[in-house]
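Q: Quick one, structure for this:
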Amino acid sequence: MKTKLYLRILLLLSLFLTNCSSSGKNLPKGFDYGEVKDNIYLNTFFDFSMNIPSGWVIQDKEQADELMQMGKDMIAGDDKKMKAVLDASYIKTANLLTVFQYELNTPEIIFNPSLAIVAENIKLTPGIKTGADYLTHGRKFMEQTQMYDYISEEFEKETINGVDFYILEAIIEFGEIEILQKYYVTILNNFALSFIVTSGDEEQQDILMKSMRSIKFN
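A: Take a look at the predicted model:
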C-alpha cells in the first residue's frame, strides 16, 4: 500500500501545473528561481517572500525535476497525445520550490504532505487574464487523467496580502486516506504563478495554510 500511495503522490505533483523544467527555455532575462534563507523563500522576479514550514525538507532542482519527470512519464504511459501535451508544458514552466514534510522514502510514512510553487509562461496565451482562466484549462486536463474523486466546479477567490488568488480544490480518496490539494493561482509578470498545497489531514493543512497566509508581495 505504501508503494502505491507514494506513486500516486508523485502523480499529484506532476499534474497540469507541475510539469516543470529548470532548463530556462521560454523564460525571460532576469528570471529568478528564488532561494530559501532562514526558512523564508525569497523571489526577486515576482518580488515576494513566503515562510516555509519549520523542519520541512526542501528539494533541490535536480530532485524536483526528477520527481516531475517520473510523474510525467507515469501519466503519459503509451498515450502519445497526452505525452505531447505534457511535453509542451514541460518547456514553458519552472519549478520554483518543492518542499515535503518528511524526507522522501521515509519507511514509516504513508503520506508525505507538500508545498510546491510553479510559474508558467503565459505570454503567448492572451486569453488567460486571471487565475480563474488558467484553472479552467487546468481543470479540463485534470478530468482527463481520471485520477481525482472530486474537482471543484467553481473557483473561490481569496486575497492574500493584497493579491487576488483563485483556488481550485481537488480530492483523491485512497483507502482510508483523503488527499486534499488546493491550487492557488495568480497572474503576474506574464506568468501564472501557482502555489500547490497537498495535505492528508487537518493538522497538515493548517501548517500549509499558515505558509500561504504568510505570502508578502512587495
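Q: What separation do you get for residue 214 and residue 151?
A: Per CB to CB, to the nearest Å, residue 214 is found 27 Å from residue 151. To be clear about C-beta, it is placed using only N, CA and C from the backbone, and glycine gets the same treatment.
Q: And for residue 205?
A: 18 Å.
Q: Also residue 200?
A: As judged by CB to CB, residue 200 and residue 151 stand 18 Å apart.
Q: I'd like to know how many residues surround residue 173.
A: Neighbourhood size, residue 173 [other CB atoms under 10 Å]: 11.
Q: pLDDT score for it?
A: Residue 173 carries a pLDDT value of 83.
Q: Same question for the one 4 residues further on.
A: For residue 177, the pLDDT comes out at 81.
Q: ok, now the one 5 residues further on?
A: On the pLDDT scale, residue 182 is placed at 94.
Q: try the one 3 residues further on
A: For residue 185, the pLDDT comes out at 96.
Q: Which residue is the nearest non-sequential neighbour of it?
A: Leaving aside its chain neighbours, residue 185 sits nearest to residue 131 (3.5 Å; criterion: CB to CB, 6 or more residues apart in numbering).
Q: so the one you found sits right up against residue 165, yeah?
A: Yes. Here residue 131 reaches residue 165: they are 5.9 Å apart, a contact under CB atoms under 8 Å.
Q: Find residues that contact each of these two.
A: Counting by CB atoms under 8 Å, 6 or more residues apart in numbering, the shared contacts of residue 131 and residue 165 are 184-186.
Q: ok, and the most crowded of the residues you listed?
A: Counting neighbours by other CB under 10 Å, residue 185 leads the shared contacts of residue 131 and residue 165 with 26 neighbours.
Q: and that one, what is it in contact with?
A: Going by CB under 8 Å, 6+ apart, residue 185 touches 17, 131-132, 134-135, 165-168, 192-195.
Q: CA atoms only for the one helix or strand it maps to, dumped as PDB, please.
A: Using DSSP states H and E, residue 185 falls within strand 177-188. What follows is strand 177-188, C-alpha atoms only, in PDB (Å, rounded to 0.1, in the frame of the first residue of the first chain):
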ATOM      1  CA  ILE A 177      -6.800   8.500   3.400                       C
ATOM      2  CA  GLU A 178      -8.400  11.500   1.800                       C
ATOM      3  CA  ILE A 179      -5.800  13.600   0.000                       C
ATOM      4  CA  LEU A 180      -6.700  17.200  -0.500                       C
ATOM      5  CA  GLN A 181      -5.000  19.500  -3.000                       C
ATOM      6  CA  LYS A 182      -5.500  23.300  -3.200                       C
ATOM      7  CA  TYR A 183      -4.200  25.200  -6.200                       C
ATOM      8  CA  TYR A 184      -3.800  28.900  -5.600                       C
ATOM      9  CA  VAL A 185      -3.200  30.800  -8.800                       C
ATOM     10  CA  THR A 186      -2.500  34.500  -9.600                       C
ATOM     11  CA  ILE A 187      -1.300  36.100 -12.800                       C
ATOM     12  CA  LEU A 188       1.900  38.200 -12.500                       C
END
